[in-house]
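Asker: here's my sequence, what's the structure:
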Amino acid sequence: MYPRRSPGYWGHQSGCKMGGDQRSSQQLEFVQRKGHTLTVDGKPFYFLGANAYWLMDIAKYSPGAVDKFFAHCNRWGLTVVRIWGFNYNMPQSHGKYYEPEFKAYDYVVDSADRHGVRLVIALGNTWRAYRSPEDWMKMAGRDPDKTTILDFYEDDKVKLIYQTHIRYMTSRLNTYSGKTYKSDPTIMMWDIMNEPRCPGKYTIYGCGVSVSS
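Answerer: The predicted structure follows:
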């Protein structure tokens, strides 16, 4: 099912020509950071992008719809898309993932590659939908009703489980392209968490470091 709300568009000016450009990631360079500027091949990288968290759910039932989405991105000049890197079964439990769901995710990454669209992957969610801090605390044997968001950032066992998820995602071998996610320039960057909310003792940056280091 497509989302009932329209996708959110974000970014700067597009660095791509309008039209159905079918580039492969072999022609893409990794996006780099130089100070506060994103660069590709030493030149500033500007983009127009969309948020499409629902693509993995679409891929499970209609892979062709994923290709159609990225083809539309080519036509509209969207060069970056942000997607979620978690779901009801990603993970099912600590270190265990439902492979058919992950293969659908592989397809999304590969389709983006084939259409020359870069991805930003959010690795977790602040909100209860899909995978939230409460879920990670349950996996660690903690009662979410007796804990706060601060425990997610400070409990060593919870952090270990979340870090395991990060390592699993970044090291995943794509079953379509044969590339690990971390070696694929299609993936422009990793988002430690979707819309994080941090206690007063932490900055947003500090929260990210706490659960990912």
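Asker: which residue sits farthest out from the middle of this protein?
Answerer: No residue in the chain sits farther from the centre than Lys146, which is 29.5 Å out by Cα atoms, centre = their mean.
Asker: element containing the residue nearest to Phe86 when sequence neighbours are not counted, please.
Answerer: Leaving out its chain neighbours, the residue that sits closest to Phe86 by Cβ to Cβ, 6 or more residues apart in numbering is Arg131, at 4.2 Å. Using the backbone N, CA and C atoms, a C-beta is placed for each residue, glycine as well. In the assignment (DSSP states H and E), Arg131 maps to no helix and no strand.
Asker: where does the protein have low pLDDT?
Answerer: For the chain, the stretches flagged by pLDDT under 70 are 1-26, 199-213.
Asker: where do the helices sit along it?
Answerer: Shown for the chain, the helices assigned by DSSP state H span residues 55-61, 63-76, 99-114, 133-139, 149-154, 156-171, 204-212.
Asker: for His36, find the nearest of those helices.
Answerer: helix 204-212 (14.0 Å; Cβ to Cβ).
Asker: any idea how far stretch 182-198 is from the chain center?
Answerer: Relative to its parent chain, stretch 182-198 has a centroid offset of 5 Å by Cα atoms, centre = their mean, to the nearest Å.
Asker: number of nearby residues for Tyr61?
Answerer: By other Cβ atoms under 10 Å, 9 other residues sit near Tyr61.
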